[in-house]
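Novice: Here is a sequence together with a model predicted from it:
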Amino acid sequence: MRILLTNDDGYLAQGIRAVFASLIQAGHDVIMVAPERNSSGAGQSIAVYSPISITQVEDRIYFVSSTPADSVRLGLQVVYGDPENYPDLVISGVNMGENLGEDVLYSGTVGAAREGALHKIPSLAFSTNGASSLTRNKYEHLTSAARIVTELVAKIEANITSLPDVFIWNINIPSIPYDKIKGYETTKLGMRPLHQPLIEQITPRGNIIYWQGHTCDAFDCELGTDLAVFLKEEKVSITPIEVLPTNYSQMPTIEALTN
């Protein structure tokens, strides 16, 4: 398949590099266009009041001086050019850190995939958590995650005629060896408790600054959600998400209220 590969960790991140190598080895036509710097939490934001640039740094690898969504935009417009020449698939990730539940609203990884879908290209957002609690924040199984990406792409390619023309899947891969992964599970998005309060600090110059609070570690998960599957750390969670978030169920309520 012809694939535009991006992420929000930046073009030098280990996750995207592992996926790039795995997809190339599998024979896919891959071009990487990713942010120059880490853009975690960028969502689907784009640069509005500043110019952006795209730079080729290696064969088939480019970085963009902006967000993940802008990486997709410039990749399509500058590298691929004519919409008739657009790739078959946009892949975002593997993000080094899970994207679960409400994370999809903030995630640059998911934002890039949604940007691909807006351009009418099927798009996948892949993430993996840090390793076990004993090796927290060390990403020891990126090769395994990249293998899952390549495996799922093969399944999509083999069944492309039975899939929708455009879709977005948010996919979380447990950080365990490949032979320990027990398959895939289709899930819905879960909801965690709100983040802990912002953390206030005073700088050496006396200015007050704030850091984002951490997510809550202990919570009950509804069965069938990506959160529940993720906590088991056994299966790959795949959640289909909408391109546009219209809440159709509220339309009759609004009609009754306003007429």
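Specialist: On my side now, so go ahead. Residues are numbered from 1 along each chain as shown.
Novice: Excluding sequence neighbours, find me the nearest residue to G15.
Specialist: Once flanking residues are discounted, G15 sits nearest to V94: 4.0 Å by Cβ to Cβ, 6 or more residues apart in numbering. No exception for glycine: its C-beta is placed from N, CA and C like everyone else's.
Novice: what's around the spatially closest residue to F20 that is not a sequence neighbour, how many residues?
Specialist: Distance criterion Cβ to Cβ, 6+ apart; nearest residue to F20, sequence neighbours excluded, is M32 at 5.4 Å. Neighbour count for M32, taken as other Cβ atoms under 10 Å: 26.
Novice: Does M32 have any beta-bridge partners, and if so which?
Specialist: Note on M32: beta-bridge partners by DSSP bridges are L5, I61.
Novice: Can you tell me how far I173 is from N129?
Specialist: I173 sits 8 Å away from N129, going by Cβ to Cβ, to the nearest Å.
Novice: Over to L142?
Specialist: Relative to N129, and taking Cβ to Cβ, L142 is found at 12 Å.
Novice: hey, where'd the helices end up in this structure?
Specialist: 14-25, 68-74, 103-106, 108-118, 142-158, 226-232, 251-258 (DSSP state H).
Novice: Which one, of the ones you listed, ends up nearest to N7?
Specialist: Minimum separation from N7 across the helices of the chain (Cβ to Cβ) falls at helix 14-25, 4.4 Å.
Novice: Give me the buried stretch members for stretch 71-88, please.
Specialist: S71, V72, R73, L74, G75, L76, V79, Y80, Y86, P87, D88 (16 or more other Cβ atoms under 10 Å).
Novice: What of stretch 5-16?
Specialist: Quick answer for stretch 5-16 (16+ other Cβ under 10 Å): L5, T6, N7, D8, D9, G10, Y11, A13, G15, I16.
Novice: what stretches of the stretch 51-200 of the chain score poorly on pLDDT?
Specialist: 131-138, 195 (pLDDT under 70).
Novice: ok, the buried residues of stretch 5-16 vs M251, which is closest?
Specialist: D8 (33.5 Å).
Novice: shouldn't that closest one be in contact with A42?
Specialist: Yes. Using Cβ atoms under 8 Å, D8 is in contact with A42, at 6.0 Å.
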